[in-house]
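In: Sharing a model that was predicted from the sequence below.
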2 protein chains.
Amino acid sequence: MNKINSVTIVGGTHGNEYTGIYLLRKWQQSPQLIERSSFSTETIFANTNAFRDNRRYLDCDLNRQFRVPDLTNTALSNYEESRAKAINAQIGPKGEAKTDFIIDLHNTTSNMGPSLILLQSDTFNLQMAAYVKQHMPEAIIVMEDQIPLEEQAYLCSVAKQGIIVEVGPQPQSVLRQDIMEWMETLTQHVLDFVDAYNAGTDLDLPESVSMYYYTETLKLPMNEKGERIGMVHKNVQDKDFKALNPGDPIFTLFTGEELKWEGNYVAYPHFINEAAYYDNNLAMSLAKRVEYKVPQR
Amino acid sequence: MNKINSVTIVGGTHGNEYTGIYLLRKWQQSPQLIERSSFSTETIFANTNAFRDNRRYLDCDLNRQFRVPDLTNTALSNYEESRAKAINAQIGPKGEAKTDFIIDLHNTTSNMGPSLILLQSDTFNLQMAAYVKQHMPEAIIVMEDQIPLEEQAYLCSVAKQGIIVEVGPQPQSVLRQDIMEWMETLTQHVLDFVDAYNAGTDLDLPESVSMYYYTETLKLPMNEKGERIGMVHKNVQDKDFKALNPGDPIFTLFTGEELKWEGNYVAYPHFINEAAYYDNNLAMSLAKRVEYKVPQR
């Protein structure tokens, strides 16, 4: 993979995830904080109108509008579909993007801590994971590389390299100092890594790095009419990235009945009870814990 | 004070505070849970359209529309202003209400635990506070009786007696099992108290009860243009009802500078960093801790 010449940091892809939005403001006033000698850095406030209205989005989720067929479909013209095309024109076009690497800043209401969601398991991403864990042991690395990046719908898929910085727990439309510090620290380590990666020097990375490999998404318990009839079990609430063993309680029905995790593997739930996923009745994502070998230079 | 003959339990006054809404559903299926022999109980789902749109409100905060001049002002006709008039017609009219006691169920994103907000310090409310603390020691009692109840704008001010059950922390548009259990338990104790109060028997209450007496509301740090320039200090975040001493850090500016609590009393913050209060840039409410003597029968 070639050198990273330009980096785009995106905040406010969802208008009620405040941390990235306020970090962008800070960095616009002190741009030296995100500058490095080996690449240029720009920032984009992705969904300004959703922020103005204090909502995740106006018409549809902006972070699901970046598939090439949608970007080139002029019939898709609501606010977020239009913003996606404008952003794609600014830093893309996807497939031949002007920017080499996109860092998209997100908050979650789930207790996910400072998480880095990787979408490719190439040398660049695996070394980044190892570098970040080395410098910030409390960081969590999630790997979601089932779909090639260029087929993903995420904003960060516009460039050849893209990641999501996902930090919580933080309620929508709130700014917490601890969450802001985590997001800023994690982003700084990523920028430092890119600078070191560009330099081509030995990064002195550990041989392996532990990650959470996304496996599946579970829905909330529902009846035949599609109404919710239960909620996340209180033993699971806030236990993002803690082991859930087959047979452990996972949901509580409003009748009081408990449902168990019936999978055949030790699952590591995350995005547990994320507010923004209720519209699709998603209860949590699951992962397996996997040790990845880190390619050395 | 006379016997309480009818009780109204209200949920969904704010459309994205889910716990009360789902408890109402449960109680509609099992009405015996909220029935008592000495009074009748009805439920009201106050802001159905805000829930449908997954928002706190459509046009304005429903829980600020119950002043008599507003209820009688026909020019005030947006959705919540109209809902207020409809609810007032159903269970009021305020001043001569058909219902004797309103329990309004709310969630907060703040770490307030199971809180009971009282708006009057008469025998009924002070005995209720003592009864609830006796049966649920983890409950928090907040007293806000500066304004006579009939001059309040809250929904629960329609009746001669009204309280707010306020339970958190819960992000907007999320359902947590622990929060639901707290709200249900607290509401059950209130109903049991009313039944015992009606019976006129000796309640065997403690001589005094500790409460948090509301004193003032603090705003987030802002510049001359009204833009937020700081946030709640991380030492204060989640520390609802913990003592804040004069000189303690209370805000962190985005520059990193810390601001101190400059009041002359030991304050007990609550509603710390509540998401719904950002529209008015409110950072937290403060209280003093006060021991109230409990009137015995």
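Out: It's in.
In: Give me the secondary structure label for the residue sitting furthest away from the middle of chain A.
Out: In terms of distance from the mean C-alpha position of chain A, A:Thr255 ranks first, at 34.5 Å (Cα atoms, centre = their mean). At A:Thr255, secondary structure determined by DSSP: H, G, I helix; E, B strand; the rest coil is coil.
In: Quick one: residues contacting it.
Out: A:Ile229 (Cβ atoms under 8 Å, 6 or more residues apart in numbering or on different chains). Any C-beta I mention is one placed from the backbone N, CA and C, and that applies to glycine too.
In: Relative to A:Met284, how far out is it?
Out: Applying Cβ to Cβ, to the nearest Å, the value for A:Thr255 to A:Met284 is 21 Å.
In: A:Thr185: what secondary structure?
Out: A:Thr185 ends up helix, using three-state DSSP.
In: Looks like it contacts A:Pro114 (just checking).
Out: Yes - using Cβ atoms under 8 Å, A:Thr185 is in contact with A:Pro114, at 7.1 Å.
In: and the two? which has more neighbours close in?
Out: A:Pro114 (23 against 17; other Cβ atoms under 10 Å in any protein chain shown).
In: Enumerate the residues of chain A near chain B.
Out: Within reach of chain B by Cβ under 8 Å from any Cβ of the partner chain, chain A has these residues: A:22, A:25-26, A:54, A:109, A:169, A:171-178, A:180-181, A:228, A:231-234, A:237, A:252, A:254, A:273, A:275-276, A:278-279.
In: Going by neighbour count, which of the residues you listed are buried?
Out: A:22, A:25-26, A:54, A:109, A:169, A:171-177, A:180, A:228, A:231-234, A:237, A:252, A:254, A:273, A:275-276, A:278 (16 or more other Cβ atoms under 10 Å in any protein chain shown).
In: dump the residue contacts of the residue nearest in space to the middle of chain A.
Out: Closest to where the C-alpha atoms of chain A average out (Cα atoms, centre = their mean) is A:Ile164, at 3.3 Å. Applying Cβ under 8 Å, 6+ apart, we find A:Ile164 in contact with A:104, A:106, A:116-117, A:119, A:154, A:156.
In: of those residues, closest to B:Thr123?
Out: Of all those, A:His106 has the smallest distance to B:Thr123: 51.6 Å, by Cβ to Cβ.
In: For chain B, what's the nearest residue on the stretch 1-150 of chain A?
Out: Across the stretch 1-150 of chain A, the shortest distance to chain B (Cβ to the nearest Cβ) belongs to A:Thr109, at 4.1 Å.
In: Before we go further, that residue is sitting in a helix, right?
Out: No - under three-state DSSP, A:Thr109 sits outside any helix and is assigned coil.
In: which residues sit in contact with it?
Out: Neighbours of A:Thr109 in contact, by Cβ under 8 Å, 6+ apart: A:168-172, A:273-276, B:171, B:174.
In: Inside helices: which ones of those?
Out: Judged by DSSP state H, the contacts of A:Thr109 include no members of helices.
In: Quickly name whichever of those is closest to A:Ala89.
Out: A:Ala276 (26.6 Å).
In: Among the contacts of A:Thr109, find me the one that's closest to A:Val209.
Out: Nearest to A:Val209, judged by Cβ to Cβ, of the contacts of A:Thr109 is A:Gly168 at 21.7 Å.
In: which residues touch the residue lying closest to that closest one once chain neighbours are set aside?
Out: Distances taken as Cβ to Cβ, 6 or more residues apart in numbering or on different chains place A:Thr108 nearest to A:Gly168, at 3.7 Å, with adjacent residues excluded. A:Thr108 makes contacts with A:166-170, A:271, A:274, A:276, as judged by Cβ under 8 Å, 6+ apart.
In: So which of those residues wins on neighbours?
Out: With neighbours defined as other Cβ under 10 Å, the most crowded of the contacts of A:Thr108 is A:Val167; it has 30 neighbours.
In: thought it was touching A:Ser115?
Out: Yes - here A:Val167 lies in contact with A:Ser115, judged by Cβ under 8 Å, at a distance of 6.6 Å.
In: before we move on, back to that, can you tell me how far the residue farthest from the centre of chain A is from B:Ser285?
Out: According to Cβ to Cβ, A:Thr255 stands 37 Å off from B:Ser285.
In: And A:Asp279, by the same measure?
Out: 31 Å.
In: tell me which residues form a beta bridge with A:Met143?
Out: A:Leu118, A:Tyr213 (DSSP bridges).
In: Quick one: neighbours of A:Leu259, just the number.
Out: For A:Leu259, the count of nearby residues is 13 (other Cβ under 10 Å).
In: and it, backbone torsions?
Out: phi -110, psi 150 (degrees, to the nearest 10).
In: Let me see the ranges of the helices in chain A.
Out: A:18-29, A:48-52, A:68-71, A:79-91, A:123-135, A:177-199.
In: circling back to that earlier point, which residues are in contact with each of A:Thr185 and A:Pro114?
Out: By the contact definition Cβ under 8 Å, 6+ apart, A:Thr185 and A:Pro114 are jointly contacted by A:Met136.
In: how is chain A carved up into domains?
Out: A:6-209, A:214-293 (automatic domain parsing).
In: quick one: pLDDT of A:Pro201?
Out: Residue A:201: Thr, not Pro. We have a pLDDT of 85 for A:Thr201.
In: Out of the helices of chain A, which is the most enclosed?
Out: helix A:123-135 (a mean of 21; mean count of other Cβ atoms under 10 Å in any protein chain shown).
In: Show me what it is packed against.
Out: strand A:113-118, strand A:140-143, strand A:161-168, helix A:177-199, strand A:208-219, strand A:282-293 (3 or more Cβ pairs under 8 Å, 6 or more residues apart in numbering or on different chains; DSSP states H and E).
In: Need the contact partners of it.
Out: Counting by Cβ under 8 Å, 6+ apart, A:1, A:116, A:118-119, A:139, A:141, A:143, A:161, A:163, A:186, A:189-190, A:192-194, A:196-197, A:203, A:205-206, A:208-211, A:292-295, A:297 sit against helix A:123-135.
In: Using PDB, write out every CA atom in it.
Out: Output of helix A:123-135 as PDB, limited to C-alpha atoms (Å, rounded to 0.1, in the frame of the first residue of the first chain):
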ATOM      1  CA  THR A 123      -1.100  -4.500   6.800                       C
ATOM      2  CA  PHE A 124      -2.100  -0.800   7.300                       C
ATOM      3  CA  ASN A 125      -5.100  -1.700   9.500                       C
ATOM      4  CA  LEU A 126      -3.500  -4.500  11.500                       C
ATOM      5  CA  GLN A 127      -0.500  -2.300  12.200                       C
ATOM      6  CA  MET A 128      -2.800   0.500  13.200                       C
ATOM      7  CA  ALA A 129      -4.600  -1.800  15.600                       C
ATOM      8  CA  ALA A 130      -1.400  -2.900  17.200                       C
ATOM      9  CA  TYR A 131      -0.100   0.600  17.400                       C
ATOM     10  CA  VAL A 132      -3.200   2.000  19.000                       C
ATOM     11  CA  LYS A 133      -3.400  -0.800  21.600                       C
ATOM     12  CA  GLN A 134       0.300  -0.300  22.300                       C
ATOM     13  CA  HIS A 135      -0.200   3.400  23.100                       C
END
